[in-house]
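Enquirer: Here's my sequence, what's the structure:
(one chain, ligands or ions: 1)
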Amino acid sequence: MSQAFVCCTYPECLEPAGYKIAAMRSDGRFRELKTYGHACVDHLGNIFQKAHLRCEATPRMPGEVIDEVGLYRFRPGSRDAFLERLWSLEESCRANSGQ
Ligand SMILES: [Zn+2]
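Expert: Residues are numbered from 1 along each chain as shown. Sure, this is the predicted structure:
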């Protein structure tokens with residue numbers, strides 16, 4: 001089965017995405033990953049920080065909960081539930097954001 005090719009979200013970058021930036025969203029009944037972007041290794045920090053800001057700026061509906069943005073290893077065609085969260089890489093992206 002052919003898989004959709006997903007490239008990095010960074011403008012004009014055509015590298016295949018190796019990472020997915022997403023946050024777990026829940027409305028009290030369903031939980032799903034809300035995707036904020038895809039990144040290649042070079043733009044991971046940039047995309048992650050933008051995603052983090054966008055997530056914080058997203059208005060929540062009543063009863064809706066959106067967790068902190070996380071970093072996941074992206075594999076085209078794999079289901080969100082099976083994506084591996086990359087905690088240590090996530091931490092280093094946060095540490096590098098210079099806040
Ligand atoms: Zn890129």
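Enquirer: ok, the spatially most central residue of the chain - contacts?
Expert: In the chain, the centroid-proximal residue (CA atoms, centre = their mean) is I21; its distance is 0.9 Å. By CB atoms under 8 Å, 6 or more residues apart in numbering, I21 lies in contact with T35, Y36, G37, H38, A39, I47, F48, A51, V69, G70, L71, Y72. C-beta coordinates here come from the backbone N, C-alpha and C atoms, glycine included.
Enquirer: Same check on R79?
Expert: Shown in contact with R79 (CB under 8 Å, 6+ apart): no residues.
Enquirer: returning to what we had before: show me what the residue nearest to the centre of the chain is bridged to.
Expert: Per DSSP bridges, residues listed as beta-bridge partners of I21: G37, L71.
Enquirer: Now for M61, how many residues are close by?
Expert: Neighbour count for M61, taken as other CB atoms under 10 Å: 9.
Enquirer: Surely it is in contact with D27?
Expert: Yes: with contact defined as CB atoms under 8 Å, M61 reaches D27; the gap is 7.2 Å.
Enquirer: Surely N96 is in contact with G45?
Expert: Yes: checked against CB under 8 Å, the pair N96 and G45 is within contact range at 5.5 Å.
Enquirer: Need the overlap of contacts for those two.
Expert: By CB under 8 Å, 6+ apart, no residue touches both N96 and G45.
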